[in-house]
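**Q** requesting a structural model of the entry that follows:
(one chain, ligands or ions: 2)
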Amino acid sequence: MKAIQVGLLGIGTVGSGTFAVLKRNQEEIRRRAGRGIEITMVADLNVERAREIVGDAAQVVADARAVIANPAIDIVVELIGGYGIAKALVLEAIAAGKHVVTANKALLAVHGTEIFAAAREKGVMVAFEAAVAGGIPIIKALREGLTANQVQWVAGIINGTTNFILSEMRDKGLDFDVVLKEAQRLGYAEADPTFDIEGVDAAHKATLMSALAFGIPVQFDRAHVEGITKLSATDIRYAEQLGYRIKLLGIARRRDDVQGIELRVHPTLVPSKRLIANVEGAMNAVMVQGDAVGTTLYYGKGAGSEPTASAVIADLVDITRLHTADPDHRVPHLAFQPDELHATPILPIEAVRTAFYLRLRVADQKGVLAAITRILAEADISIDALLQRESAEGENQTDVIILTHDTVEGEMRAALARMQALPTVLAPIVSLRKEELA
Ligand code: NDP
Ligand code: HSE
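**A** Ligands and ions are numbered 1, 2, ... in the order given. The predicted structure is shown next:
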(Lines give C-alpha, C1' and ligand atoms only; values in the text may rest on other atoms or scores of the structure.)
(Ligands and ions follow the chains in the order given, each with its own letter.)
Protein backbone atom coordinates (compact mmCIF):
# COMPACT_ATOMS: atom_id res chain seq x y z
CA MET A 1 0.00 0.00 0.00
CA LYS A 2 1.18 3.52 -0.77
CA ALA A 3 2.77 5.31 2.18
CA ILE A 4 0.80 7.99 4.05
CA GLN A 5 2.21 11.38 3.06
CA VAL A 6 2.93 13.87 5.80
CA GLY A 7 3.57 17.61 5.48
CA LEU A 8 5.58 19.19 8.30
CA LEU A 9 5.05 22.83 9.26
CA GLY A 10 8.12 23.95 11.24
CA ILE A 11 11.27 21.84 11.49
CA GLY A 12 12.81 23.18 14.70
CA THR A 13 13.46 21.14 17.85
CA VAL A 14 10.43 18.82 17.64
CA GLY A 15 10.16 18.84 13.85
CA SER A 16 13.74 17.72 13.34
CA GLY A 17 13.31 14.97 15.95
CA THR A 18 10.14 13.81 14.21
CA PHE A 19 11.95 13.65 10.90
CA ALA A 20 14.90 11.74 12.37
CA VAL A 21 12.89 9.17 14.36
CA LEU A 22 10.46 8.52 11.52
CA LYS A 23 13.40 7.84 9.21
CA ARG A 24 15.38 5.76 11.69
CA ASN A 25 12.45 3.55 12.75
CA GLN A 26 10.53 3.54 9.48
CA GLU A 27 10.36 -0.22 9.14
CA GLU A 28 9.16 -0.80 12.72
CA ILE A 29 6.63 2.02 12.34
CA ARG A 30 5.36 0.60 9.02
CA ARG A 31 4.80 -2.80 10.62
CA ARG A 32 2.74 -1.17 13.35
CA ALA A 33 0.79 1.27 11.20
CA GLY A 34 0.04 -1.16 8.39
CA ARG A 35 1.65 1.08 5.80
CA GLY A 36 4.60 3.43 5.52
CA ILE A 37 4.52 7.01 6.88
CA GLU A 38 6.70 9.50 5.00
CA ILE A 39 7.37 13.19 5.47
CA THR A 40 7.36 14.32 1.86
CA MET A 41 7.05 18.08 2.28
CA VAL A 42 8.44 20.49 4.88
CA ALA A 43 7.76 24.19 5.39
CA ASP A 44 10.05 26.32 7.50
CA LEU A 45 11.01 29.98 7.47
CA ASN A 46 14.63 28.90 7.47
CA VAL A 47 14.64 26.93 4.21
CA GLU A 48 18.39 26.41 4.19
CA ARG A 49 18.48 24.84 7.65
CA ALA A 50 15.44 22.72 6.77
CA ARG A 51 17.22 21.42 3.61
CA GLU A 52 20.25 20.49 5.67
CA ILE A 53 18.02 18.39 7.95
CA VAL A 54 15.94 16.59 5.32
CA GLY A 55 18.38 16.36 2.40
CA ASP A 56 16.66 14.96 -0.69
CA ALA A 57 14.04 13.09 1.28
CA ALA A 58 11.40 15.82 1.18
CA GLN A 59 10.49 18.94 -0.72
CA VAL A 60 11.29 22.07 1.34
CA VAL A 61 9.34 25.33 1.01
CA ALA A 62 9.12 28.57 2.96
CA ASP A 63 5.37 28.88 2.63
CA ALA A 64 3.38 26.61 4.95
CA ARG A 65 0.26 27.16 2.85
CA ALA A 66 1.93 25.36 -0.05
CA VAL A 67 2.00 22.22 2.10
CA ILE A 68 -1.67 22.56 2.99
CA ALA A 69 -2.57 23.13 -0.66
CA ASN A 70 -0.74 19.99 -1.81
CA PRO A 71 -3.44 17.38 -2.58
CA ALA A 72 -0.95 14.53 -2.05
CA ILE A 73 -0.51 15.40 1.65
CA ASP A 74 -2.74 13.31 3.96
CA ILE A 75 -1.64 14.64 7.36
CA VAL A 76 -0.35 18.08 8.31
CA VAL A 77 1.91 18.24 11.37
CA GLU A 78 1.97 21.69 12.97
CA LEU A 79 5.19 22.24 14.94
CA ILE A 80 5.51 26.01 14.73
CA GLY A 81 3.96 26.90 18.09
CA GLY A 82 1.98 29.84 19.48
CA TYR A 83 -1.57 30.98 18.84
CA GLY A 84 -0.87 33.26 15.86
CA ILE A 85 -0.04 31.80 12.46
CA ALA A 86 -0.31 28.29 13.88
CA LYS A 87 -4.04 28.75 14.52
CA ALA A 88 -4.68 29.99 10.99
CA LEU A 89 -2.67 27.13 9.48
CA VAL A 90 -4.36 24.43 11.56
CA LEU A 91 -7.82 25.73 10.64
CA GLU A 92 -6.81 25.98 6.98
CA ALA A 93 -5.44 22.42 7.00
CA ILE A 94 -8.71 21.17 8.52
CA ALA A 95 -10.72 23.13 5.94
CA ALA A 96 -8.61 21.48 3.23
CA GLY A 97 -9.66 18.07 4.63
CA LYS A 98 -6.26 17.19 6.13
CA HIS A 99 -5.83 15.38 9.42
CA VAL A 100 -3.71 17.41 11.82
CA VAL A 101 -1.10 16.47 14.42
CA THR A 102 0.14 19.20 16.73
CA ALA A 103 2.29 19.56 19.84
CA ASN A 104 0.86 23.02 20.44
CA LYS A 105 -0.70 23.03 23.90
CA ALA A 106 -1.09 26.82 23.94
CA LEU A 107 -3.15 26.73 20.77
CA LEU A 108 -5.44 23.89 21.89
CA ALA A 109 -5.90 25.14 25.47
CA VAL A 110 -7.07 28.50 24.18
CA HIS A 111 -8.73 27.67 20.84
CA GLY A 112 -9.42 23.94 21.21
CA THR A 113 -13.20 24.26 21.14
CA GLU A 114 -13.14 26.02 17.78
CA ILE A 115 -10.50 23.71 16.33
CA PHE A 116 -12.17 20.45 17.41
CA ALA A 117 -15.55 21.68 16.13
CA ALA A 118 -14.03 22.52 12.74
CA ALA A 119 -12.36 19.10 12.59
CA ARG A 120 -15.60 17.30 13.44
CA GLU A 121 -17.45 19.16 10.75
CA LYS A 122 -14.83 18.16 8.19
CA GLY A 123 -14.57 14.58 9.47
CA VAL A 124 -10.85 14.86 10.18
CA MET A 125 -8.78 14.09 13.26
CA VAL A 126 -6.71 16.50 15.33
CA ALA A 127 -4.22 14.55 17.43
CA PHE A 128 -2.16 16.14 20.19
CA GLU A 129 -0.31 13.52 22.29
CA ALA A 130 2.84 15.68 22.33
CA ALA A 131 0.99 18.68 23.74
CA VAL A 132 1.00 17.37 27.33
CA ALA A 133 4.09 15.96 29.03
CA GLY A 134 6.03 15.43 25.77
CA GLY A 135 6.96 11.78 25.41
CA ILE A 136 4.64 10.46 28.16
CA PRO A 137 1.51 8.95 26.56
CA ILE A 138 -0.83 10.65 29.04
CA ILE A 139 -3.39 11.70 26.41
CA LYS A 140 -3.66 8.08 25.30
CA ALA A 141 -4.06 7.00 28.93
CA LEU A 142 -6.83 9.51 29.59
CA ARG A 143 -8.61 9.05 26.24
CA GLU A 144 -8.40 5.28 26.05
CA GLY A 145 -6.70 3.38 28.86
CA LEU A 146 -8.80 4.84 31.68
CA THR A 147 -12.20 5.08 29.99
CA ALA A 148 -13.82 2.76 32.55
CA ASN A 149 -13.21 5.23 35.34
CA GLN A 150 -14.78 8.23 36.93
CA VAL A 151 -11.56 10.21 37.15
CA GLN A 152 -11.36 11.87 40.58
CA TRP A 153 -8.28 13.98 40.00
CA VAL A 154 -5.24 14.50 37.81
CA ALA A 155 -2.09 16.09 39.22
CA GLY A 156 1.13 16.49 37.34
CA ILE A 157 4.60 17.94 37.10
CA ILE A 158 4.03 19.05 33.53
CA ASN A 159 6.70 21.68 33.07
CA GLY A 160 10.29 20.50 32.97
CA THR A 161 11.88 23.94 33.21
CA THR A 162 10.27 24.76 36.54
CA ASN A 163 10.89 21.28 37.92
CA PHE A 164 14.56 21.67 37.05
CA ILE A 165 14.65 25.05 38.83
CA LEU A 166 12.87 23.72 41.94
CA SER A 167 15.19 20.69 42.10
CA GLU A 168 18.23 22.95 41.93
CA MET A 169 16.81 25.32 44.57
CA ARG A 170 16.32 22.38 46.93
CA ASP A 171 19.64 20.64 46.22
CA LYS A 172 21.78 23.76 46.41
CA GLY A 173 19.75 25.93 48.78
CA LEU A 174 19.76 28.73 46.19
CA ASP A 175 17.03 31.27 45.54
CA PHE A 176 14.90 31.39 42.41
CA ASP A 177 16.68 34.22 40.54
CA VAL A 178 20.11 32.60 40.85
CA VAL A 179 18.88 29.21 39.63
CA LEU A 180 16.90 30.72 36.74
CA LYS A 181 20.09 32.33 35.39
CA GLU A 182 21.90 29.01 35.68
CA ALA A 183 19.02 27.19 33.94
CA GLN A 184 19.18 29.68 31.07
CA ARG A 185 22.95 29.27 30.80
CA LEU A 186 22.54 25.48 30.59
CA GLY A 187 19.74 25.76 28.01
CA TYR A 188 17.01 24.36 30.31
CA ALA A 189 15.10 27.64 30.34
CA GLU A 190 14.37 29.75 27.29
CA ALA A 191 15.65 33.32 26.92
CA ASP A 192 12.07 34.41 27.63
CA PRO A 193 10.97 31.87 30.23
CA THR A 194 7.75 33.71 31.20
CA PHE A 195 5.28 31.00 30.17
CA ASP A 196 7.25 28.37 32.08
CA ILE A 197 8.06 30.19 35.33
CA GLU A 198 4.68 31.92 35.60
CA GLY A 199 2.87 28.58 35.29
CA VAL A 200 1.15 29.39 31.98
CA ASP A 201 2.63 26.45 30.06
CA ALA A 202 1.59 24.06 32.85
CA ALA A 203 -1.89 25.63 32.87
CA HIS A 204 -2.24 25.02 29.12
CA LYS A 205 -1.47 21.35 29.71
CA ALA A 206 -3.64 21.07 32.84
CA THR A 207 -6.53 22.60 30.88
CA LEU A 208 -6.25 19.90 28.23
CA MET A 209 -6.07 17.16 30.87
CA SER A 210 -9.14 18.55 32.68
CA ALA A 211 -11.17 18.34 29.48
CA LEU A 212 -10.03 14.77 28.82
CA ALA A 213 -10.54 13.64 32.41
CA PHE A 214 -13.98 15.11 33.05
CA GLY A 215 -15.64 15.57 29.68
CA ILE A 216 -15.77 19.37 29.81
CA PRO A 217 -14.75 21.90 27.15
CA VAL A 218 -11.21 23.33 27.28
CA GLN A 219 -11.38 26.48 29.42
CA PHE A 220 -7.90 27.92 29.88
CA ASP A 221 -9.35 31.31 30.84
CA ARG A 222 -10.92 29.74 33.97
CA ALA A 223 -7.69 28.14 35.23
CA HIS A 224 -6.04 29.56 38.35
CA VAL A 225 -2.37 30.10 37.48
CA GLU A 226 0.56 30.77 39.82
CA GLY A 227 4.20 30.25 38.95
CA ILE A 228 7.33 29.74 41.03
CA THR A 229 8.87 33.22 40.86
CA LYS A 230 7.97 34.13 44.45
CA LEU A 231 9.15 30.87 45.97
CA SER A 232 12.08 31.11 48.37
CA ALA A 233 14.72 28.59 49.37
CA THR A 234 13.61 29.17 53.00
CA ASP A 235 10.19 27.62 52.35
CA ILE A 236 11.69 24.73 50.41
CA ARG A 237 13.92 24.05 53.45
CA TYR A 238 11.10 24.26 55.99
CA ALA A 239 8.91 22.04 53.82
CA GLU A 240 11.72 19.47 53.72
CA GLN A 241 12.02 19.53 57.52
CA LEU A 242 8.30 18.79 57.76
CA GLY A 243 8.53 15.87 55.28
CA TYR A 244 7.39 17.65 52.11
CA ARG A 245 8.81 18.78 48.79
CA ILE A 246 7.53 21.74 46.80
CA LYS A 247 6.54 21.01 43.20
CA LEU A 248 4.76 23.11 40.60
CA LEU A 249 1.66 20.99 40.03
CA GLY A 250 -1.09 21.25 37.47
CA ILE A 251 -4.19 19.93 39.23
CA ALA A 252 -7.67 19.15 37.92
CA ARG A 253 -10.09 17.73 40.49
CA ARG A 254 -13.74 16.74 40.39
CA ARG A 255 -15.70 18.18 43.32
CA ASP A 256 -18.95 16.29 43.66
CA ASP A 257 -19.88 18.18 46.86
CA VAL A 258 -20.25 21.47 44.94
CA GLN A 259 -20.73 20.11 41.39
CA GLY A 260 -17.62 21.78 40.02
CA ILE A 261 -14.08 21.22 38.80
CA GLU A 262 -10.93 22.64 40.34
CA LEU A 263 -8.39 23.65 37.69
CA ARG A 264 -5.24 25.17 39.09
CA VAL A 265 -1.48 25.46 38.75
CA HIS A 266 0.60 26.52 41.73
CA PRO A 267 3.60 25.52 43.84
CA THR A 268 2.39 22.68 46.07
CA LEU A 269 3.77 20.84 49.08
CA VAL A 270 3.70 17.11 48.39
CA PRO A 271 4.75 14.44 50.94
CA SER A 272 8.41 13.51 50.26
CA LYS A 273 7.50 9.82 50.33
CA ARG A 274 5.25 10.10 47.22
CA LEU A 275 6.93 8.96 44.01
CA ILE A 276 5.93 12.21 42.32
CA ALA A 277 7.77 14.23 44.98
CA ASN A 278 10.96 12.48 43.85
CA VAL A 279 10.65 13.44 40.19
CA GLU A 280 13.72 15.58 39.73
CA GLY A 281 15.34 17.80 37.14
CA ALA A 282 13.51 18.39 33.88
CA MET A 283 11.47 15.17 34.12
CA ASN A 284 7.66 15.15 34.07
CA ALA A 285 5.16 12.94 35.87
CA VAL A 286 1.38 12.80 35.96
CA MET A 287 -0.81 11.08 38.55
CA VAL A 288 -4.38 10.13 37.68
CA GLN A 289 -6.81 8.79 40.22
CA GLY A 290 -9.81 6.88 38.95
CA ASP A 291 -12.55 5.29 41.04
CA ALA A 292 -11.88 1.82 39.61
CA VAL A 293 -8.15 1.82 38.93
CA GLY A 294 -7.03 3.77 42.00
CA THR A 295 -3.94 5.94 41.72
CA THR A 296 -1.76 5.63 38.63
CA LEU A 297 1.50 7.41 37.77
CA TYR A 298 3.09 8.18 34.40
CA TYR A 299 6.70 9.34 34.28
CA GLY A 300 9.14 10.37 31.58
CA LYS A 301 10.65 13.16 29.52
CA GLY A 302 8.21 16.02 29.04
CA ALA A 303 10.23 17.81 26.38
CA GLY A 304 13.14 17.46 24.00
CA SER A 305 13.50 16.70 20.35
CA GLU A 306 13.09 12.92 20.18
CA PRO A 307 10.96 12.34 23.30
CA THR A 308 8.39 14.77 21.91
CA ALA A 309 8.78 13.30 18.42
CA SER A 310 7.87 9.93 19.94
CA ALA A 311 4.44 11.34 20.79
CA VAL A 312 4.02 13.09 17.43
CA ILE A 313 4.75 9.85 15.59
CA ALA A 314 2.38 7.87 17.83
CA ASP A 315 -0.34 10.24 16.62
CA LEU A 316 0.74 9.71 12.99
CA VAL A 317 0.42 5.95 13.47
CA ASP A 318 -3.01 6.34 15.09
CA ILE A 319 -4.27 8.46 12.21
CA THR A 320 -2.80 6.06 9.67
CA ARG A 321 -4.69 3.19 11.29
CA LEU A 322 -7.94 5.10 11.71
CA HIS A 323 -8.28 7.51 8.82
CA THR A 324 -10.44 5.17 6.76
CA ALA A 325 -12.73 4.42 9.72
CA ASP A 326 -16.17 6.01 9.95
CA PRO A 327 -15.56 9.30 11.84
CA ASP A 328 -18.25 8.25 14.37
CA HIS A 329 -16.17 5.21 15.27
CA ARG A 330 -12.96 7.09 16.01
CA VAL A 331 -11.80 8.02 19.50
CA PRO A 332 -13.34 11.45 20.24
CA HIS A 333 -10.86 14.35 20.45
CA LEU A 334 -11.62 15.00 24.13
CA ALA A 335 -12.29 11.36 25.08
CA PHE A 336 -16.04 11.98 25.54
CA GLN A 337 -18.47 12.14 22.62
CA PRO A 338 -18.71 15.80 21.53
CA ASP A 339 -22.44 16.05 22.32
CA GLU A 340 -21.75 14.55 25.76
CA LEU A 341 -19.45 17.29 27.03
CA HIS A 342 -20.88 18.78 30.24
CA ALA A 343 -20.94 22.40 31.30
CA THR A 344 -19.71 21.56 34.83
CA PRO A 345 -18.27 24.87 36.03
CA ILE A 346 -14.62 25.44 36.83
CA LEU A 347 -14.65 26.63 40.44
CA PRO A 348 -13.19 30.01 41.41
CA ILE A 349 -10.00 29.68 43.46
CA GLU A 350 -11.87 30.87 46.59
CA ALA A 351 -13.96 27.68 46.45
CA VAL A 352 -10.98 25.30 46.13
CA ARG A 353 -10.37 22.94 49.07
CA THR A 354 -6.78 22.23 50.10
CA ALA A 355 -4.51 22.11 53.08
CA PHE A 356 -2.04 24.95 53.60
CA TYR A 357 1.52 25.65 54.66
CA LEU A 358 1.90 29.03 56.36
CA ARG A 359 5.10 30.81 57.35
CA LEU A 360 4.72 33.79 59.65
CA ARG A 361 7.57 36.01 60.75
CA VAL A 362 6.55 36.98 64.27
CA ALA A 363 7.77 38.89 67.28
CA ASP A 364 9.12 36.47 69.86
CA GLN A 365 6.81 37.42 72.73
CA LYS A 366 4.04 35.83 74.75
CA GLY A 367 0.55 35.49 73.31
CA VAL A 368 1.70 35.60 69.67
CA LEU A 369 0.98 31.96 68.94
CA ALA A 370 -2.30 32.10 70.87
CA ALA A 371 -3.54 35.03 68.75
CA ILE A 372 -2.69 33.20 65.52
CA THR A 373 -4.23 29.88 66.53
CA ARG A 374 -7.37 31.70 67.79
CA ILE A 375 -7.91 33.25 64.35
CA LEU A 376 -7.53 29.85 62.70
CA ALA A 377 -9.90 28.22 65.18
CA GLU A 378 -12.50 30.96 64.66
CA ALA A 379 -12.27 30.35 60.92
CA ASP A 380 -12.83 26.63 61.56
CA ILE A 381 -9.36 25.83 60.21
CA SER A 382 -7.71 22.90 61.94
CA ILE A 383 -3.94 22.83 62.53
CA ASP A 384 -2.14 19.66 61.45
CA ALA A 385 1.43 20.55 62.51
CA LEU A 386 3.25 23.51 63.96
CA LEU A 387 6.94 24.38 64.05
CA GLN A 388 8.58 27.27 65.83
CA ARG A 389 12.30 27.85 65.78
CA GLU A 390 14.22 29.58 68.55
CA SER A 391 15.02 33.20 67.69
CA ALA A 392 18.47 33.64 66.25
CA GLU A 393 20.89 35.17 68.72
CA GLY A 394 20.35 38.91 69.04
CA GLU A 395 17.02 38.74 67.18
CA ASN A 396 13.72 39.08 68.93
CA GLN A 397 11.70 37.51 66.15
CA THR A 398 11.27 34.09 64.63
CA ASP A 399 9.43 31.99 62.03
CA VAL A 400 6.28 30.07 62.88
CA ILE A 401 5.38 27.37 60.39
CA ILE A 402 1.87 25.94 60.37
CA LEU A 403 0.43 23.08 58.36
CA THR A 404 -3.36 23.02 58.27
CA HIS A 405 -5.90 20.37 57.42
CA ASP A 406 -8.06 20.89 54.32
CA THR A 407 -10.04 24.09 54.23
CA VAL A 408 -11.86 26.23 51.71
CA GLU A 409 -9.51 28.81 50.21
CA GLY A 410 -11.89 31.73 50.80
CA GLU A 411 -11.90 30.96 54.54
CA MET A 412 -8.12 30.76 54.57
CA ARG A 413 -7.78 34.09 52.75
CA ALA A 414 -10.03 35.79 55.32
CA ALA A 415 -8.02 34.26 58.18
CA LEU A 416 -4.74 35.29 56.53
CA ALA A 417 -5.94 38.90 56.31
CA ARG A 418 -6.74 38.86 60.04
CA MET A 419 -3.38 37.30 60.95
CA GLN A 420 -1.53 39.75 58.75
CA ALA A 421 -3.15 42.63 60.64
CA LEU A 422 -1.72 41.45 63.99
CA PRO A 423 1.02 43.89 65.14
CA THR A 424 3.18 40.90 66.12
CA VAL A 425 3.22 39.54 62.54
CA LEU A 426 6.23 41.35 61.12
CA ALA A 427 6.36 40.40 57.42
CA PRO A 428 4.01 39.29 54.65
CA ILE A 429 2.76 35.78 55.47
CA VAL A 430 3.83 33.08 53.04
CA SER A 431 1.02 30.67 52.20
CA LEU A 432 1.37 27.64 49.96
CA ARG A 433 -1.12 24.90 49.19
CA LYS A 434 -0.47 21.32 50.26
CA GLU A 435 -1.79 18.12 48.70
CA GLU A 436 -1.49 14.58 50.05
CA LEU A 437 -2.13 12.95 46.62
CA ALA A 438 -3.03 9.68 48.33
P1 NDP B 1 11.08 25.60 17.47
O2 NDP B 1 11.07 27.06 17.68
O3 NDP B 1 12.32 24.85 17.73
O4 NDP B 1 10.62 25.26 15.96
C5 NDP B 1 9.62 25.97 15.32
C6 NDP B 1 10.02 26.04 13.87
O7 NDP B 1 8.95 26.60 13.13
C8 NDP B 1 11.25 26.90 13.62
O9 NDP B 1 12.14 26.24 12.78
C10 NDP B 1 10.65 28.15 12.97
O11 NDP B 1 11.55 28.79 12.09
C12 NDP B 1 9.50 27.55 12.22
N13 NDP B 1 8.49 28.52 11.86
C14 NDP B 1 8.08 29.64 12.51
N15 NDP B 1 7.11 30.25 11.84
C16 NDP B 1 6.87 29.53 10.73
C17 NDP B 1 6.00 29.65 9.63
N18 NDP B 1 5.14 30.67 9.53
N19 NDP B 1 6.05 28.73 8.65
C20 NDP B 1 6.91 27.69 8.73
N21 NDP B 1 7.78 27.53 9.75
C22 NDP B 1 7.76 28.42 10.73
O23 NDP B 1 9.87 25.02 18.34
P24 NDP B 1 9.75 23.58 19.00
O25 NDP B 1 10.08 22.54 17.99
O26 NDP B 1 10.46 23.58 20.29
O27 NDP B 1 8.19 23.53 19.35
C28 NDP B 1 7.22 23.28 18.37
C29 NDP B 1 5.88 23.04 19.09
O30 NDP B 1 6.02 21.91 19.94
C31 NDP B 1 5.42 24.18 19.99
O32 NDP B 1 4.03 24.27 19.96
C33 NDP B 1 5.88 23.74 21.38
O34 NDP B 1 5.13 24.29 22.43
C35 NDP B 1 5.65 22.25 21.27
N36 NDP B 1 6.43 21.43 22.18
C37 NDP B 1 7.78 21.58 22.22
C38 NDP B 1 8.53 20.77 23.04
C39 NDP B 1 10.02 20.87 23.06
O40 NDP B 1 10.64 20.07 23.76
N41 NDP B 1 10.64 21.77 22.34
C42 NDP B 1 7.89 19.77 23.91
C43 NDP B 1 6.46 19.67 23.75
C44 NDP B 1 5.76 20.50 22.93
P45 NDP B 1 12.53 29.94 12.67
O46 NDP B 1 13.40 29.28 13.65
O47 NDP B 1 13.22 30.43 11.48
O48 NDP B 1 11.62 30.96 13.30
N1 HSE C 1 8.76 24.57 28.14
C2 HSE C 1 8.19 23.27 28.33
C3 HSE C 1 8.79 22.64 29.59
C4 HSE C 1 8.49 22.43 27.11
O5 HSE C 1 9.70 23.20 30.21
O6 HSE C 1 8.31 21.59 30.02
C7 HSE C 1 7.58 21.26 26.98
O8 HSE C 1 6.26 21.59 26.78
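**Q** buried set for stretch 416-431?
**A** By neighbour count on 16 or more other Cβ atoms under 10 Å, the buried set for stretch 416-431 is 416, 418-419, 422, 424-425, 429-431. Placement of C-beta: from N, CA and C, glycine included.
**Q** what about the residue in the stretch 301-438 of the chain that ligand 1 sits nearest to, neighbour count?
**A** Residue nearest to ligand 1 within the stretch 301-438 of the chain (Cβ to the nearest ligand atom): Ala303, separated by 3.3 Å. Ala303: 21 surrounding residues under other Cβ atoms under 10 Å.
**Q** so which strand or helix has it?
**A** For Ala303, there is no host helix or strand (DSSP states H and E).
**Q** helix/strand/coil for Thr40?
**A** Secondary structure assignment for Thr40 (DSSP: H, G, I helix; E, B strand; the rest coil): strand.
**Q** for Met287, same thing?
**A** Classification of Met287 by three-state DSSP places it in strand.
**Q** what's the spacing between it and Ile138?
**A** Using Cβ to Cβ, to the nearest Å, Met287 is found at 10 Å from Ile138.
**Q** which one of the two has more residues nearby?
**A** Using other Cβ under 10 Å, the more surrounded residue of Met287 and Ile138 is Ile138, with 29 against 22.
**Q** contacts only, for that one.
**A** Applying Cβ atoms under 8 Å, 6 or more residues apart in numbering, we find Ile138 in contact with 132, 156, 209, 286, 288, 298.
**Q** test my guess that the second one contacts Met209.
**A** Yes. Counting by Cβ atoms under 8 Å, Gly156 does reach Met209; the two are 7.1 Å apart.
**Q** got any residues that touch both of the two?
**A** Contact with both Gly156 and Met209 is made by residues 138, 250, 286, according to Cβ under 8 Å, 6+ apart.
**Q** so how far is ligand 1 from the first one?
**A** To tie it back to what came earlier, the one meant is Ile138. Separation of Ile138 from ligand 1 (Cβ to the nearest ligand atom, to the nearest Å): 12 Å.
**Q** try the second one
**A** For Gly250, the distance to ligand 1 (Cβ to the nearest ligand atom) stands at 14 Å.
**Q** what secondary structure does that residue sit in?
**A** strand.
**Q** for it, give me the pLDDT.
**A** We note a pLDDT of 98 for Gly250 in this prediction.
**Q** for Leu269, phi and psi?
**A** Dihedral angles of Leu269 (phi, psi; degrees, to the nearest 10) stand at phi -80, psi 130.
**Q** dump the residue contacts of the residue of the stretch 251-400 of the chain found nearest ligand 2.
**A** The stretch 251-400 of the chain approaches ligand 2 most closely through Ala303 (3.6 Å), counting by Cβ to the nearest ligand atom. Residues counted as contacts of Ala303 (Cβ under 8 Å, 6+ apart) are 134, 160, 282, 284.
**Q** these in strands, which ones?
**A** Among the contacts of Ala303, the ones falling in strands (DSSP state E) are Asn284.
**Q** of the contacts of Ala303, which are in range of ligand 2?
**A** Among the contacts of Ala303, the ones lying near ligand 2 by Cβ under 6 Å from any ligand atom are 134, 160.
**Q** who wins for most neighbours among the contacts of Ala303?
**A** Neighbour counts for the contacts of Ala303 (other Cβ under 10 Å) peak at Gly134, which has 29 neighbours.
**Q** if I look at Lys2, how far off is ligand 2?
**A** The gap separating Lys2 from ligand 2 is 34 Å, by Cβ to the nearest ligand atom.
**Q** number of residues surrounding that residue?
**A** Using other Cβ under 10 Å, Lys2 has 9 other residues around it.
**Q** ditto for Val200
**A** So Val200, with other Cβ under 10 Å, has 18 neighbours.
**Q** quick one: it and Glu226 touch, right?
**A** No. Using Cβ under 8 Å, Val200 is not in contact with Glu226; the gap is 10.4 Å.
**Q** got any residues that touch both of those two?
**A** Here Val200 and Glu226 have no joint contacts, going by Cβ under 8 Å, 6+ apart.
**Q** returning to what we had before: for the residue of the stretch 301-438 of the chain closest to ligand 1, what are phi and psi?
**A** Taking degrees, to the nearest 10 as the convention, Ala303 sits at phi -160, psi 180.
**Q** list the contacts of Asp328.
**A** Contacts of Asp328 (Cβ under 8 Å, 6+ apart): none.
**Q** which phi and psi does Leu422 have?
**A** Main-chain torsions, Leu422, degrees, to the nearest 10: phi -70, psi 130.
**Q** which residue is the nearest non-sequential neighbour of it?
**A** Leaving out its chain neighbours, the residue that sits closest to Leu422 by Cβ to Cβ, 6 or more residues apart in numbering is Ala371, at 5.6 Å.
**Q** hang on, the one you found is in a strand, isn't it?
**A** No. According to three-state DSSP, the state of Ala371 is helix, so it is not within a strand.
**Q** wait, isn't it in contact with Thr424?
**A** Yes. Using Cβ under 8 Å, Ala371 is in contact with Thr424, at 6.8 Å.
**Q** nearest to ligand 1: which residue in the protein?
**A** Across the chain, no residue is closer to ligand 1 than Gly12, which sits at 1.9 Å (Cβ to the nearest ligand atom).
**Q** how close does that residue sit to Asn46?
**A** 9 Å.
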